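Participant: Sharing a model prediction with you, sequence too.
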Amino acid sequence: MAGLLRDDRVLRVLVKARRPMRVEEIAKRLRLRRRVTPEVRLRMAEASCRRLVRDGLAWETADGRFTTDSRQAAGAKARTA
């Protein structure tokens, strides 16, 4: 359940940004209730992004960025899981 809530937060960050973002940028903007180390925050953000790509809600571009806009992803030759 916690993973789904975190996925929602990551998706919200991507939608608000309206541009492809690296996992590091997403992790910085991700708000978590409990205090976690930056390494753990980065792993959580990456896992959430991978799940969003798997579920078809986000795309990963060829340069490793994540986006919710399929047109941006298609222009950068997106990979899907």
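Facilitator: Nice, I can see it. Numbering: from 1, shown residues only.
Participant: State the mean pLDDT of stretch 25-44.
Facilitator: If you average the pLDDT over stretch 25-44, you get 84.
Participant: and that stretch, which residues are buried?
Facilitator: For stretch 25-44, a neighbour-count test (16 or more other Cβ atoms under 10 Å) marks 25-27, 30, 41-42, 44 as buried. C-beta coordinates here come from the backbone N, C-alpha and C atoms, glycine included.
Participant: do the same with stretch 42-54
Facilitator: For stretch 42-54, the neighbour count (16+ other Cβ under 10 Å) marks 42, 44-46, 48-53 as buried.
Participant: Tell me how far the residue nearest in space to the middle of the chain lies from Arg34.
Facilitator: Ranked by distance to the mean C-alpha position of the chain (Cα atoms, centre = their mean), the top residue is Cys49 at 3.6 Å. Separation of Cys49 from Arg34 (Cβ to Cβ, to the nearest Å) stands at 20 Å.
Participant: ok, now Ala27?
Facilitator: Separation of Ala27 from Arg34 (Cβ to Cβ) stands at 15 Å.
Participant: least trustworthy helix or strand in the chain by mean pLDDT?
Facilitator: The helix or strand of the chain with the poorest confidence is helix 70-75; it has a mean of 63 (mean pLDDT, DSSP states H and E).
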